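Novice: structure of the sequence below:
(2 chains)
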Amino acid sequence: MSRQTFLTRNRSIFWFLLSLAVFTLIVTVLADGIGNGMISTSFVKTLGRTLCLMLVAVAMDVVWGYTGILSLGHMAFFGLGGYMIGMWLMYARTEIIVSESLRAAAVPPTPEEIHDAVGTQIFGVVGSSDFPLIWAFASSFWAQLALVVIVPGLLALIFGWLAFRSRVTGVYLSILTQAMTLALSLYLFQNDSGLRGNNGLSGLQNLPGLDSVPQSMVSIAFFWASAAALAAGYVLFAWVVSGKMGSVIRGIRDNEGRVRFLGYHVESYKLFVFTVTAVVAGLAGALYYPQAGIINPAEVAPIASIYLAVWVAIGGRGRLYGAALGAAFVSLLSSWFTGGGVPNIPLGFYTIQWTDWWLVLLGVSFVAVTLLAPKGIGGLFDLVTRRHPVPVSTTDFGPDKGARRTVEGEEEK
Amino acid sequence: MKTLLEMSGVSVSFDGFRAINNLSFRIGEPELRAIIGPNGAGKTTFMDIITGKTRPDEGTVIYGEKSISLLKMSESQIAMAGVGRKFQKPTVFEAQTVRENLAMALKNKRGPVDVLLYRKTRRGAERIEEIAGIIGLSDQLPRIAGELSHGQKQWLEIGMLLAQDPRLLLVDEPAAGMTPAEREHTTDLLKRAAEKHAVVVVEHDMEFIRRLDCKVTVLCEGSVLAEGSLDHVTSNPQVIEVYLGR
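Specialist: Numbers count the residues shown, from 1 in each chain, chains lettered A, B, ... in the order given. Next up is the predicted model:
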């Protein structure tokens, strides 16, 4: 038997990284910033955001496609990551602007005065001027960057611990995760949540102290950062789902009761996967929202996480590149359709306006993919390689039977 | 012969139905024990209680030299303490290869971090080869378990049980779906395991039990009806009435 390394056993990693590198290079050469300007700055941002969505989709695939936890709340972690970095961006930039304007005053302003003026600037929109406690670290980039990891991670850890130890599985867990993201968005919608209510955080595309750098350069820098994050996240998750860990989590997906009787503490594994993917989702969000420029509570609404599941389903569960491609394909298509890029279809008696009908089309394709091509877009690669790289679940992806029984069961007789 | 597992006064009800009724049972190490009983006698529930899947309403289950109570432990802790179980219907991981199935069962540290950083060892690979040899699946190791025949899945399940290296083996209908030659092989395997460990076999097939040549416990309506050699219990009029008479 020839010696096998991590990469030779997982050739898809090599191909994914190569495609990503080529794509990044092409976009760089064509971009407005340093290339020949064929791709506009706003489209570079769209592509950069798409890379972040691909990263969170890969994380979602690990949770759902590999471990069998249909989490419909991972965009909450994504949004939290965005909020955490957004707090620093907003604070630091407002501070620079305020200091500039106060410098003209006869008496130089004290740090307290600057701090208060920043507060008035940021919270005036919700009728307040005091910094809430959660903004305590907003002046420090490194502290907020740490919070990008800590806040989603801690929320996932606590939520997951409570849910998994009670053996909540299947659709009930999905509903709980929906409730979590709904509660978070409702909380953030309040003006006194401390994060500017429904206004959200804005102006995030302006990097503090880098006003002289044109957005065309900022956009390409973020594009590279997003590509690097996607590459790193992809390799991390490919490593997690390979080898024995992958074996155990796929075992949990297919029959968690059996894994338990082999001596594995299933709840720890679920918690591990749930938390690690939440942290990666938070990091992806922290890269996404500076490219979007604004984050508001609608971003963590339940529908966002459902979209995430749809991307992964259309892309193909149980293989990482499938999820990534699904996210890229559907989200780019979505912005094309909803952005009015697709011509309307006049039927004589009715005109199909795609801005209205896109969701219907998406819903129909979701149902069609689920019923007719459960392998999704990733399944197309099997036509080339003639095999499935990762054996898929042999059971359906619905509620599993791992929960503790209250009646004398039939399932494992 | 030391006592390995002792159940006393265990009862459990499901929605008012008493599946196990004041059951007391003890097994030593090494010992081979067969359990028979009509359908609904509580054989599966009995195993569920030992492995932690079902919590009894009352009674105690004491295990090992330190006399620890299994009732306070989770399924995974009980499995790690040395209780292995083979299910009646083969429940192998059908989407994974035979080797992966055995590797997962192999006695190793079971924490997420240990598993994440786990590296294949020569000893592990040799142990897998050895077990594959015992269960006759040596040339099937790279195959996906879902492609195996029913009998082969049974063997794989037994292999996974052996890979765990348990002290107490709970084996539910090992011979179902096997050819006579395979049954004989299974009997030998169980007998050999019972030279060192405690083995509890639930089986319907009387011929199979006769070949095991061990103490038999008859369960009926959730409690022990009779216990002793096969000839002893089969001559018991009550046993004949509830089980053999039909």
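Novice: which helix or strand contains the closest residue to B:H150 other than its chain neighbours?
Specialist: Spatially, and ignoring its direct neighbours in sequence, B:H150 is nearest to B:G177 (4.6 Å; Cβ to Cβ, 6 or more residues apart in numbering or on different chains). (C-beta placed from N, C-alpha, C; glycine too.) For B:G177, there is no helix or strand it lies in under DSSP states H and E.
Novice: and B:G177, what pLDDT?
Specialist: pLDDT, B:G177: 76.
Novice: strands of chain B, start to end?
Specialist: Along chain B, counting by DSSP state E, strands occupy B:2-14, B:17-29, B:31-36, B:58-63, B:68-69, B:83-86, B:168-172, B:198-202, B:215-220, B:223-228.
Novice: turn those strands into a markdown table, columns for mean neighbour count and distance to B:A181.
Specialist: Output for the strands of chain B, formatted as a markdown table (neighbours: other Cβ atoms under 10 Å in any protein chain shown; distance: least, Cβ to Cβ, whole Å):
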| stretch | mean neighbour count | distance to B:A181 |
| --- | --- | --- |
| strand B:2-14 | 17 | 31 |
| strand B:17-29 | 18 | 29 |
| strand B:31-36 | 22 | 21 |
| strand B:58-63 | 17 | 35 |
| strand B:68-69 | 12 | 40 |
| strand B:83-86 | 26 | 20 |
| strand B:168-172 | 24 | 19 |
| strand B:198-202 | 25 | 19 |
| strand B:215-220 | 22 | 24 |
| strand B:223-228 | 18 | 30 |
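Novice: low-confidence ranges in chain B?
Specialist: Where chain B drops to pLDDT under 70, the residues are B:243-246.
Novice: tell me which parts of it are close to chain A?
Specialist: Counting by Cβ under 8 Å from any Cβ of the partner chain, chain B comes close to chain A at B:14-15, B:17, B:19, B:44-45, B:51, B:53-54, B:74-77, B:79-80, B:84-85, B:87-89, B:91, B:93-96, B:100, B:103-105, B:110-112, B:115-116, B:118, B:144, B:146, B:160, B:164, B:172.
Novice: for the residue nearest to B:H150, phi and psi?
Specialist: phi 80, psi 20 (degrees, to the nearest 10).
Novice: what's the neighbour count on it?
Specialist: By other Cβ atoms under 10 Å in any protein chain shown, 15 other residues sit near B:G177.
Novice: what does B:M47 give?
Specialist: For B:M47, the count of nearby residues is 23 (other Cβ under 10 Å).
Novice: and it, what does it touch?
Specialist: B:85, B:170, B:172, B:200, B:202 (Cβ atoms under 8 Å, 6 or more residues apart in numbering or on different chains).
Novice: got the contact list for the last one?
Specialist: Under the criterion of Cβ under 8 Å, 6+ apart, the neighbours of B:V202 are B:34-36, B:43-44, B:47, B:88, B:170-173.
Novice: then the second one?
Specialist: Contacts for B:L170 (Cβ under 8 Å, 6+ apart) come out as B:47, B:50-51, B:83-86, B:200, B:202.
Novice: so what's it bridging to?
Specialist: B:R85, B:V200 (DSSP bridges).
Novice: how near is it to A:A21?
Specialist: Distance, B:L170 to A:A21, by Cβ to Cβ, to the nearest Å: 53 Å.
Novice: hmm, A:F159 is touching A:M180, no?
Specialist: Yes - A:F159 is in contact with A:M180 according to Cβ atoms under 8 Å; the separation is 5.8 Å.
Novice: name the nearest residue to the closest residue to chain B within the stretch 201-350 of chain A, ignoring sequence neighbours.
Specialist: Proximity to chain B, evaluated over the stretch 201-350 of chain A using Cβ to the nearest Cβ, is greatest for A:G263 at 3.5 Å. Nearest residue to A:G263 in three dimensions, chain neighbours excluded: B:A79, at 3.5 Å (Cβ to Cβ, 6+ apart).
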